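Colleague: Got a predicted model here, sequence first, then my questions.
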Amino acid sequence: MANKRGLGRGMDALFSDEADKKEAQVVDKVADKKDQDNVVLKIAITSLEANPFQPRKTFDQAALSELADSLKESGLIQPIVVRKHGDKYQIVAGERRFRAARSAELTQVPVIVKSLSDNAMMALSIIENLQREDLNPIEEAQGINAYMKQLTLTQAQAAEKLGKSRAAIANTLRLLNLPAQVQQLIIEGQLSMGHARALLGLDAQSDMLLLADKAIKQQLSVRQIEDIVRHTASSKQKTNAKKPSNSIYIQAIEQQLEDKFSTKISLSKKKLEINFANKDELNRILDLLGVDLN
């Protein structure tokens, strides 16, 4: 009885009706019309190559093992979508099935060959994973960022092509501003998307890393992180307000320099700016400074 239940779960994973319907719809939408005869071929599994544009980097090993066990008994029923690449075939959609089939030591797998450009293949890989919600937030951000660079798209254009709002695209891409260590924590599921957005309220990456570590150790909620970020920002403002101000001193110097040069002067920390409107005014200022260009 235990084996029967295991096979049932494996068969569900094999067919995965709703997910596979979505995958097929995306493939047919992006693929060239001439390839939509959906002829299923059987090829050697060693002829398959991973998708170079696959945004998904992490796979549930327990789910893969369960699917592999089922494949050993029933084989792979749902074909993998591929495109020809030299004497090999690159996986367009179905990498999870490919990995499970390889783990099950299958020698041949069914495939459907589609004709796709690099741009179309990249778009398909991202859209398919977004529809199936297979990507963690960082993978999604990295995939969208790579897609935008490949096609030279603005956030608005990417949002339209991927069927998301511009705000959603912008918020997702902001995750790439987090330190690499924090991004890894999100990939591992130790921090949520909500935690990540709250951490972005801090200015320094070192502060983000420290608070992320504290959030995990103390199991802080998103609301608690938001409160800490607000308190940190408020404390910095108060500290800055209490610092002795040298603005009066700076203003006095600026005023003296403006009187001397008869132009706008800006002084801040290690920078002195002298403004001029045209070449004649520049020459006048250079004369006052004793600069001889002849």
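Modeller: Now that the structure is in, tell me what you want to look at.
Colleague: now the helices for the stretch 51-200 of the chain?
Modeller: Applying DSSP state H, counting those that start in this stretch to the stretch 51-200 of the chain gives helices spanning 61-74, 95-103, 118-132, 137-151, 155-162, 166-173, 180-187, 193-199.
Colleague: ok, and for the shortest one, which residues are buried?
Modeller: Using 16 or more other Cβ atoms under 10 Å as the test for burial, helix 193-199 gives 193, 195-199. No exception for glycine: its C-beta is placed from N, CA and C like everyone else's.
Colleague: How about the fourth one?
Modeller: Of the residues in helix 137-151, those with enough neighbours to count as buried (16+ other Cβ under 10 Å) are 137-145, 147-148.
Colleague: quick one on the thing from earlier: mind putting the helices of the stretch 51-200 of the chain into a markdown table with distance to Thr232 and mean pLDDT?
Modeller: Shown next, in a markdown table, are the helices of the stretch 51-200 of the chain (distance: least, Cβ to Cβ, whole Å; pLDDT from 0 to 100):
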| stretch | distance to Thr232 | mean pLDDT |
| --- | --- | --- |
| helix 61-74 | 38 | 80 |
| helix 95-103 | 41 | 85 |
| helix 118-132 | 34 | 74 |
| helix 137-151 | 23 | 85 |
| helix 155-162 | 28 | 87 |
| helix 166-173 | 21 | 89 |
| helix 180-187 | 16 | 91 |
| helix 193-199 | 11 | 91 |
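Colleague: and the buried residues of helix 193-199, which two are the farthest apart?
Modeller: Met193 and Leu199 (10.8 Å; Cβ to Cβ).
Colleague: how much space is there between the nearest residue to Thr154 once chain neighbours are set aside and Ile187?
Modeller: Once flanking residues are discounted, Thr154 sits nearest to Met148: 7.7 Å by Cβ to Cβ, 6 or more residues apart in numbering. Distance of Met148 to Ile187, computed by Cβ to Cβ, to the nearest Å: 20 Å.
Colleague: how much space is there between Thr154 and Ala120?
Modeller: Separation of Thr154 from Ala120 (Cβ to Cβ): 19 Å.
Colleague: Please identify which of those two sits among more neighbours.
Modeller: Neighbour count, other Cβ atoms under 10 Å: between Thr154 and Ala120, Ala120 has more, with 18 against 11.
Colleague: ok, that one to Glu139 distance?
Modeller: Taking Cβ to Cβ, one finds Ala120 at 20 Å from Glu139.
Colleague: One more: Thr154?
Modeller: Thr154 is 22 Å from Glu139, by Cβ to Cβ.
Colleague: And for Leu272?
Modeller: 48 Å.
Colleague: do Leu199 as well
Modeller: According to Cβ to Cβ, Leu199 and Glu139 sit 18 Å apart.
Colleague: is it true that the residue nearest to Thr154 touches Gln155?
Modeller: Yes: the pair formed by Met148 and Gln155 meets the contact definition of Cβ atoms under 8 Å, at 7.4 Å.
Colleague: residue ranges with poor pLDDT in the chain?
Modeller: Counting by pLDDT under 70, the chain contains low-confidence ranges at 1-38, 57, 59-60, 129-134, 234-247, 262, 269, 277-278, 280, 294.
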